[in-house]
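Provided below are the primary sequence and the corresponding predicted coordinates.
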Amino acid sequence: MTDAKLVELRLEFRALIAGIMGGLEGSGWQPKISNARRTRAQQAEKVRLGYAMPGARGPGSHGWGLACDIIDRRHGWEVSETAARFFAELGDLALGAGLTWGGAWFGVGGTREHPTHTSPWNKWQVGWDPAHVQWPQQEIPPEWRTDYRREV
């Protein structure tokens, strides 16, 4: 498995993501990193379009090389039962590696059974950002909280 966007990730995170992608391949999926590092401008645009939460300003985990979005090459972002199965397996592997998974996000105070954030994924009990995997926020050392690669 080689994915050109792996090099955009911080080395410590990259190793975990490579393992997750290998696990997905072993189950017959075709994982691809659709989004890794984002600039501040790219993050602001995601927020403006509603693809990121309004509180997600600045570089954040994507800008620090500590987050990525993983999809299956064949199914991309389609909302389907097959894609939901892919994302559920992605979530199992991510959570098993001690990472945070966006498919476990059901809105403030929400749960799988009672989400507070409406999403097309709710039908399959998958949270609103199922492709997203990141290093847990509370475990990010302060020295990592800088832009991973400076913008030019």
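The structure has been received and is ready for your questions.

in this protein, which spans are helices?
11-26, 40-49, 60-63, 81-96 (DSSP state H).

Residues in contact with the shortest one: which ones?
The set of residues that contact helix 60-63 without belonging to it, under Cβ atoms under 8 Å, 6 or more residues apart in numbering, is 35-40, 42-43, 67-68, 134-135, 137, 140, 147-148. Glycine gets a C-beta too; all of them are placed from N, C-alpha and C.

and the least confident of the residues you listed?
When the contacts of helix 60-63 are sorted by pLDDT, the bottom entry is residue 148 at 50.

picking up where we left off before, can you list the helices of the chain in TSV and add distance to residue 121?
Formatted as TSV, those follow (distance: least, Cβ to Cβ, whole Å):
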stretch	distance to residue 121
helix 11-26	18
helix 40-49	17
helix 60-63	20
helix 81-96	7
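
Now do the contacts for the residue nearest the centre of the chain.
Among the residues of the chain, residue 132 comes closest to the average C-alpha position under Cα atoms, centre = their mean, at 1.4 Å. By Cβ under 8 Å, 6+ apart, the residues touching residue 132 are 67, 68, 69, 101, 102, 103.

Pick the one among these closest to residue 11.
Residue 11 lies nearest to residue 68 out of these, by Cβ to Cβ, at 13.6 Å.
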